[in-house]
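Visitor: let me see the structure of the following:
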Amino acid sequence: MYTEECINTFLEKQGQLFPQPVAESFEEAEAFLEDCMAAMVDSIDEVREYLDDMGADVEGMSDEELEEASEVFALPDGKYLIVEG
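Guide: Numbering: from 1, shown residues only. All right, here's what the predicted structure looks like:
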């Protein structure tokens, strides 16, 4: 379900969302993402739509502010991973 790039990005940057690591290996990161039903989306517009649907107040937020949100992980391929903490 999650790409290798996605899992590795989360593993590397999980500190932006959690004060303590929640995963120490690729397998643990993959299991964590599956357990919390993290979402992969194709664009920042889809990030905005997803967060809005989840009840977050994103009105008035710029794309840059959305990208800097702790639960949003920009992936090297231009997609985004959203992990609710």
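Visitor: C-alpha only now, for contacts and for neighbours.
Guide: Noted.
Visitor: show me where the protein has helices.
Guide: 4-13, 26-35, 44-53, 63-67 (DSSP state H).
Visitor: now the first one: average pLDDT?
Guide: Here the mean pLDDT over helix 4-13 is 97, rounded to a whole number.
Visitor: ok and that helix relative to helix 26-35, angle-wise?
Guide: Interaxial angle of helix 4-13 relative to helix 26-35 (axes from the mean of the first three to the mean of the last three C-alpha atoms, to 10 degrees): 100 degrees.
Visitor: next, work out how far apart the residue of the chain positioned farthest from its centre and M1 are.
Guide: Most distant residue from the mean C-alpha position of the chain: G60, 20.4 Å away (C-alpha atoms, centre = their mean). Distance of G60 to M1, given as C-alpha to C-alpha, to the nearest Å: 32 Å.
Visitor: repeat that for D52.
Guide: From D52 over to M1 the distance is 23 Å, taken as C-alpha to C-alpha.
Visitor: F18 now?
Guide: Taking C-alpha to C-alpha, one finds F18 at 22 Å from M1.
Visitor: next: I7.
Guide: Distance, I7 to M1, using C-alpha to C-alpha: 10 Å.
Visitor: settle it for me: which of the two has more neighbours?
Guide: I7 (22 against 9; other C-alpha atoms under 10 Å).
Visitor: do I have it right that the more buried one meets S25?
Guide: No: with contact defined as C-alpha atoms under 8 Å, I7 does not count as touching S25 (9.7 Å).
Visitor: neighbours around L75, how many?
Guide: Using other C-alpha under 10 Å: L75 sits among 17 other residues.
Visitor: tell me, what's the model's pLDDT at the nearest residue to L17 once chain neighbours are set aside?
Guide: Leaving aside its chain neighbours, L17 sits nearest to S70 (5.1 Å; criterion: C-alpha to C-alpha, 6 or more residues apart in numbering). S70 carries a pLDDT value of 95.
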